[in-house]
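Q: Just a sequence and a predicted model for now, questions to come.
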Amino acid sequence: MKKLVTAFAACALAGLVNAQVESVNIVGYQTLTASGRTFSTGPTFVTVGDINGEWTLGDITASGMDPMNDFIQFLDTTTASTYLYATYIDEAASIANVGDTSMVGWWDLAFENSLDSQVFSAGVGFLSNFTSTGITFTYAGEVLTGPTTLDLSSQVTPMVSNFLPVDLILGDLTVSGMDPMNDFIQFLNTTTASTYLYATYIDEAASIANIGDTSMVGWWDLSFENSLNSQQLPAGAAFLGNFTSTGVMINFPDPVAL
């Protein structure tokens, strides 16, 4: 609860924030600094008033991006190949190029098509590709309150972000449908995008089948020797799934209850 209150202490839309954190409509913003060239991240809010738990690219503003050299990538959920590139034009770049601020926002790399209206589901993250340093993303919108289940059915390589404005650990997430022998998630290096940590989930059925009780329920390395329940998953951080199973569901907690 304390962390959630802190996240909204400097709310850009202060007039819309209910004094009670338990409100079903908490509106605010959060700024994250990219920790490296290939920073994996995703917004910590959904679009204000959206009934489907979705966000649009235009909800995000960026600072420090060079539109000629810095971009973000959305990965295909079957192949992990990039299906959408986007770059951000800030006020200074827009004025320099067209003499006014009409181009501020997200664009394709040819600067021909605005991408501000691109819609994504809560939990969809993206991969950065930056030459500049110190780039920040400001995520604005509405908190998706209550326990939330991400339905990753039939997705092989989803990029999943912590879409809550609070820091989590992997142990805060529960999973159904994962085969611990064949399904895992990957944390990507923020400089090279190579995998530096693999994790898989053992559910109650798998734990009972293997050791006769539920003591192994949770996140583990792929050798099942080290628990990864305490692995940090900060607000806005993202990981890449690698699933052979077709019914994976990841359950996120209610941020108000934390």
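A: Everything's here; your move.
Q: For residue 71, see how far away residue 115 is.
A: 11 Å (Cβ to Cβ, to the nearest Å). All C-beta spots, glycine's among them, are computed from the backbone N, C-alpha and C.
Q: Now do the spatially closest residue to residue 173 that is not a sequence neighbour: how many residues are near it, please.
A: Leaving aside its chain neighbours, residue 173 sits nearest to residue 250 (5.7 Å; criterion: Cβ to Cβ, 6 or more residues apart in numbering). Residues lying near residue 250 (other Cβ atoms under 10 Å) number 21.
Q: Next up, the contacts around residue 250.
A: With contact set as Cβ atoms under 8 Å, 6 or more residues apart in numbering, residue 250 has these partners: 123, 149-150, 152, 160, 173-175.
Q: Repeat the analysis, applying 7 Å as the threshold.
A: By Cβ atoms under 7 Å, 6 or more residues apart in numbering, residue 250 lies in contact with 150, 152, 160, 173, 175.
Q: Residue 256 and residue 143 touch, don't they?
A: No: the pair residue 256 and residue 143 does not pass the contact test of Cβ atoms under 7 Å, sitting 8.1 Å apart.
Q: Now name the helix or strand holding the residue nearest to residue 173.
A: For residue 250, the enclosing helix or strand under DSSP states H and E is strand 249-252.
Q: All the helices of the stretch 51-200 of the chain, in order from the start?
A: Assigned by DSSP state H, counting those that start in this stretch, the stretch 51-200 of the chain shows helices spanning 91-98.
Q: For stretch 136-156, buried residues please.
A: Of all the residues in stretch 136-156, those buried under the rule 16 or more other Cβ atoms under 10 Å are 137, 139-145, 148, 150, 152, 155-156.
Q: If you could redo that for stretch 206-220, that was the one I meant.
A: 206-207, 216-220.
Q: Low-confidence stretches in the stretch 51-200 of the chain?
A: The model of the stretch 51-200 of the chain has no residue with pLDDT under 70.
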